[in-house]
Structure formats: C-alpha cells, structure tokens
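Peer 1: Quick one, what's the 3D model for this:
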Amino acid sequence: MTTIEHIGIVGGGAWGTALAAATARAGRTVSLWAREEEVVASINGARENKRFLPGIVLDPAISASTNPAVLSAADLVLLAPPAQHFRTVAADITGHLNRTAPVVICTKGIERDSGALMSEVAREVMGDRPLAVLSGPSFAHEVARGLPSAVTLACADGALGKAVAAALGSATFRPYLSDDVTGAQIGGAVKNVMAIAAGIAIGRGLGENARAAIMTRGFAEMVRLAIAKGARLETLAGLSGLGDLVLTCSSTRSRNFSLGQALGEGEPLQAILGARDSVAEGVTSAPAVVALGAKLAVDLPIASAVDGVLHKGADIGDTIAALLARPFRPEF
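Peer 2: Residues are numbered from 1 along each chain as shown. Purely as a prediction, here's the structure:
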C-alpha cells in the first residue's frame with residue numbers, strides 16, 4: 001500500500017485524543033472527528049482537550065472537526081468511540097472515508113446486544129475494508145505525554161500491519177505485530193471486567209493477595225474465552241492480554257478499577273457513573289462477556305460475579321462469599 005501520512009481519528013475522548021498526540025509525534029498529519037463542539041473548539045483553539053484530556057498540549061499537526069468529511073483525505077483511520085456506540089459511529093463515518101483507507105479498531109469491548117467483537121461489527125457495517133486492531137496497556141494520559149508504551153497491533157494482512165506500525169510507531173509508542181485479531185480483542189474486553197473485580201476487592205479491604213488471585217484467575221477466564229472463540233494462548237500472554245490486565249488491575253488511574261473500588265467502599269453504581277464524564281467499558285462489557293461465555297460453554301465465575309453485582313442486584317458480600325465457597329479444583 002502507499003505510504004501512510006494522513007491519519008484520521010474517530011472519537012474525541014481521552015483515548016482518541018491520546019492517539020492523535022501519538023501519531024502527530026510520529027510525524028503524521030492528523031484529522032480528528034468528534035461530535036462534541038466544545039471538544040473540537042478546545043483542540044483547535046487552546047490546543048488542548050480540556051474536557052477529556054486536560055493538561056496535555058496538542059501538536060499543531062492535529063486539527064479537529066465535527067464534520068465527518070474531514071476524514072475523507074485520511075490514508076488510515078483509527079476508530080476510538082465507546083464500544084456500545086461503535087456500530088452507530090462506524091455507520092455514520094463509513095460513507096466519508098476513502099474507499100482504500102484501512103481502519104484500525106482502538107475500542108476495547110464487546111457489543112452488549114449482539115455479543116459481537118468490534119471487528120465483527122465493523123465487518124457488518126463497513127464491509128470488507130482492510131482492518132487491524134490496536135490494544136494493550138496504554139493509559140491515555142501517559143501515551144499523550146509521550147511516556148514509553150508498548151501495544152499489540154493485530155492484523156491478518158502482514159504487509160498492512162507493518163505499514164500501520166511504521167505509520168503509528170515512534171520511540172515511545174511501540175506497536176508489536178500479531179495476526180490474532182480475535183485474541184487482541186478478547187483480552188482488551190475481559191480485562192476491564194476483571195479490573196472492576198480487583199477494585200471491589202481492594203475497596204472491601206480484602207488485600208493484595210486477593211487482588212493477585214483475581215488477576216490470575218481472571219486471566220484464566222480470559223484465556224478460556226479467547227481460545228473458545230478461536231484465539232491463540234500466546235496472544236493472551238502478551239501485551240493485549242496479560243499486559244493490559246496487569247496495568248488495569250493495578251492502578252487507581254484505571255477507570256474500571258476505580259469504579260470497582262468505589263463499589264467496594266459502598267458507593268452506589270449510579271452515583272459513581274453520574275459523577276463521571278468518562279466511560280468505564282467494563283460496566284457494559286460484563287454482561288456481554290458473560291453472554292459470550294454462555295454461548296461458547298465457557299465457565300466465567302469472576303465475570304459472572306461482576307455482572308451480578310453491576311446489573312442483577314447481587315449483594316457484594318454475598319457474591320464474594322459465593323466465590324470463596326466454590327469447590328477446590330486443579331489450577332490447570
């Protein structure tokens with residue numbers, strides 16, 4: 001394919017803005033499309049996304065617009081809307097894209113109503129356009145600041161993957177290539193659910209041993225689900241699986257972990273969500289992950305427990321007690 005010089009970004013949240021900063025740092029021209037007029041005005045005027053990523057000065061190579069036609073000149077488009085809005089956003093922008101422009105899915109989650117991965121949604125809405133998936137341990141604020149980060153770039157087309165990595169990569173934003181598109185997505189979706197579980201454990205004062213147990217057994221659930229969906233174990237052992245799980249379960253900077261911690265401390269879910277402007281993808285991914293597990297006959301006790309607490313009125317204390325009362329079994 002031709003050299004990638006102009007990058008389109010779909011989504012003006014923290015992650016979309018951070019990706020814009022990273023690709024501008026890699027020497028590309030960046031056009032960002034967002035629905036929020038105040039975000040566009042802030043990026044173009046103050047060179048800062050004051051609503052979603054305050055404190056980061058943005059490169060003049062980044063321009064923003066509420067008009068999706070701004071994406072038409074892009075050689076490559078990065079999609080970073082919330083998972084539950086991915087289908088609508090993809091449908092809205094598809095007609096404005098260059099027919100040959102590949103898309104990179106940067107959204108982590110599973111569609112709640114259909115149980116579809118984001119790549120499956122993209123295929124339904126956008127046709128056979130070339131696509132890749134970007135996932136891994138990457139807090140938006142650190143990526144935007146240019147702190148060292150490594151991610152998985154999964155693409156079935158090896159040549160396209162190399163071209164995209166060359167376009168996005170820099171000394172501090174390092175894509176590692178894979179052809180396991182499914183595995184990269186399962187890891188990114190399940191880790192958010194496990195981060196809520198880890199946060200609940202810390203919020204309830206259950207200690208670091210409990211957090212480590214949740215991370216490890218949560219990783220086992222992630223692997224079982226991914227393999228049942230056709231992914232490879234080594235993908236889950238990499239950046240987009242284990243790497244992302246470790247980061248998201250270990251820091252209060254994680255939206256999902258901090259939400260779980262607040263739940264564990266006794267705050268109601270609706271109050272937590274109402275006080276936030278950002279999206280904790282694990283809240284909506286939990287029922288989708290559990291439903292996909294049921295479809296594939298995969299046992300997901302931690303994910304099911306999180307779903308029960310979030311959406312089925314389960315008491316946190318009773319849920320923890322039920323998990324601790326499960327029969328002893330072989331680890332592998």
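Peer 1: which residues in the protein form strands?
Peer 2: Applying DSSP state E to the chain gives strands spanning 6-10, 29-33, 62-65, 76-79, 103-105, 131-135, 149-154, 173-178.
Peer 1: Can you give the distance of the shortest one from its chain's centre?
Peer 2: Relative to the centre of its chain, strand 103-105 is centred 12 Å away, using Cα atoms, centre = their mean, to the nearest Å.
Peer 1: before we move on, the earlier item: okay if I get the strands of the chain as TSV plus mean neighbour count?
Peer 2: The way it works is simple: take the backbone N, C-alpha and C, and place the C-beta from them, glycine included. Compiled in TSV, the strands of the chain are given as follows (neighbours: other Cβ atoms under 10 Å):
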stretch	mean neighbour count
strand 6-10	27
strand 29-33	24
strand 62-65	20
strand 76-79	26
strand 103-105	26
strand 131-135	28
strand 149-154	24
strand 173-178	20
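Peer 1: For residue 325, find the nearest of the ones you listed.
Peer 2: Shortest separation from residue 325 across the strands of the chain is recorded for strand 131-135, at 34.3 Å, computed as Cβ to Cβ.
Peer 1: Could you check the angle the longest helix seen in the chain makes with strand 149-154?
Peer 2: In the chain, assigned by DSSP state H, the helix with the most residues is helix 181-203. Comparing the axes of helix 181-203 and strand 149-154 via axes from the mean of the first three to the mean of the last three Cα atoms, to 10 degrees yields an angle of 140 degrees.
Peer 1: Let's test this: mean pLDDT of helix 181-203, rounded?
Peer 2: Average pLDDT, helix 181-203: 98.
Peer 1: Could you pull out the buried residues of stretch 196-216?
Peer 2: For stretch 196-216, burial by neighbour count (16 or more other Cβ atoms under 10 Å) applies to 196-204, 206, 210-211, 213-215.
Peer 1: List the contacts of stretch 313-332.
Peer 2: Residues from elsewhere that reach stretch 313-332 (Cβ atoms under 8 Å, 6 or more residues apart in numbering): 200-201, 204, 206, 263-264, 301-302, 305, 308-309.
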